[in-house]
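J.: Got a sequence here, can you model it:
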Amino acid sequence: MKEWNDFFLATAAGAATLTGLIFVGISINLTHILSFPLLVIKASVALILLLMILIFSALLLVPQESHYLIGYETIVLGLIVWILITRADFKIYYQSLKEFKRIYLFTLLFDQLATILYIIGGIFLILFGNSGLYWTVMAIFLSFIKSVYDAWVLLIEIKR
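T.: Numbering: from 1, shown residues only. From the prediction side, this is the model:
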């Protein structure tokens, strides 16, 4: 697991930094965001995805933890995040205007893929050892991409 330390240090730092950026974006555009309840949910989705990266990375930095335990932790954490994100995404999808449904369907599927890959990674960690981490790498990258997209919407697109 030691060979993964630098990767998880970097992802934890990146997730913490982006979390701060989203909080700044929310505070700068608070009036606009609060006037659109769906944007509040979108902000929470971005924060949940980033907190998942942060917590997961922190768990992987615990010394001498077995891949079995990491696998179970990843599955539990992934299921919790998957439930929260799925509920939020369906709420956004069903309450959005008809012209935005296609965009929200795409983001819903993107979020599903990002969160399910954590669960798959946890299963593979239990079954095949450290090679399961490669599934979580994809989950982390997709979570970063989606969170940056949401941050862009909260910082820039909201003003249009």
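J.: any idea how far the lowest-mean-pLDDT helix or strand in the chain is from the chain center?
T.: Least confident helix or strand of the chain, by mean pLDDT, DSSP states H and E, is helix 30-35 with a mean of 84. Relative to the centre of its chain, helix 30-35 is centred 22 Å away, using C-alpha atoms, centre = their mean, to the nearest Å.
J.: So which other helices or strands are in contact with the next helix-or-strand element following it?
T.: Next along the chain after helix 30-35, taking DSSP states H and E as the criterion, comes helix 37-60. If contacts are counted by 3 or more C-beta pairs under 8 Å, 6 or more residues apart in numbering; DSSP states H and E, helix 37-60 sits against helix 5-28, helix 30-35, helix 67-95, helix 101-128, helix 133-155. (C-beta placed from N, C-alpha, C; glycine too.)
J.: same thing but at 6 Å, please
T.: Helix 37-60 sits against helix 5-28, helix 67-95, helix 133-155, with contacts defined as 3 or more C-beta pairs under 6 Å, 6 or more residues apart in numbering; DSSP states H and E.
J.: averaged over its residues, what pLDDT does it have?
T.: The pLDDT scores in helix 37-60 average 92.
J.: Would you mind listing the buried residues in that helix?
T.: 38-39, 41-54, 56-57, 60 (16 or more other C-beta atoms under 10 Å).
J.: what residue lies at the spatial centre of the protein?
T.: In the chain, the residue lying closest to the centroid (C-alpha atoms, centre = their mean) is residue 49, at 1.9 Å.
J.: wait, isn't that residue in contact with residue 147?
T.: Yes. At 5.0 Å, residue 49 and residue 147 qualify as touching, with contact defined as C-beta atoms under 6 Å.
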